[in-house]
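A.B. asks: Here is my input; please provide its structure:
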Amino acid sequence: MAQRNVLVVDDDAEIRDYLALALRALGHHVQVAAHPDAVAAGAAPDVALVDLLVPDGASVAPLVARLAATGCRVVLITGLSLDAPVVQSALAAGAQAVLQKPFSLDAVRAEVG
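C.D. replies: Numbers count the residues shown, from 1 in each chain. Model prediction:
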């Protein structure tokens, strides 16, 4: 398995820390952010796992579009239906996949590669 640069964006510290720990154990380099606004402007990870809902209702679509434009594979994390407007908006912005909560480590591994 190739080492990838992975960005995890999730406001839930437990999920964020779990994903970071698991991905590092798989040999990946991991950066984390609690909010879309905390992602550095020049960030260009290979893969980004992005939680769709943040407490203040900020849209993740601009972040998804920015990351997708760099060639990053953007994977959404959500407990919402795939038909939900926020999911459709993020997919239209360039996200390539959706991990439905609850998800397994095997599902994360499959999406990250």
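A.B. asks: now the helices for the chain?
C.D. replies: For the chain, the helices defined by DSSP state H occupy 13-25, 61-69, 85-92, 105-112.
A.B. asks: Buried deepest among these, which one?
C.D. replies: Across these, averaging neighbours per residue (mean count of other Cβ atoms under 10 Å) puts helix 61-69 on top, at a mean of 19. C-betas here are computed from N, CA, C, even on glycine.
A.B. asks: How far off centre is it?
C.D. replies: 11 Å (Cα atoms, centre = their mean, to the nearest Å).
A.B. asks: Tell me what angle that helix forms with helix 85-92.
C.D. replies: Relative orientation of helix 61-69 versus helix 85-92 (axes from the mean of the first three to the mean of the last three Cα atoms, to 10 degrees): 20 degrees.
A.B. asks: Summarise which helices and strands helix 61-69 is packed against.
C.D. replies: Under the contact criterion of 3 or more Cβ pairs under 8 Å, 6 or more residues apart in numbering; DSSP states H and E, helix 61-69 touches strand 47-51, strand 73-78, helix 85-92.
A.B. asks: In TSV: the ones you listed, plus mean pLDDT and distance to Val39.
C.D. replies: Below are the helices and strands packed on helix 61-69 laid out as TSV (pLDDT from 0 to 100; distance: least, Cβ to Cβ, whole Å):
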stretch	mean pLDDT	distance to Val39
strand 47-51	97	8
strand 73-78	97	12
helix 85-92	92	14
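A.B. asks: any chance of the helices of the chain in a markdown table, with distance to Ala2 too?
C.D. replies: Output for the helices of the chain, formatted as a markdown table (distance: least, Cβ to Cβ, whole Å):
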| stretch | distance to Ala2 |
| --- | --- |
| helix 13-25 | 13 |
| helix 61-69 | 19 |
| helix 85-92 | 26 |
| helix 105-112 | 10 |
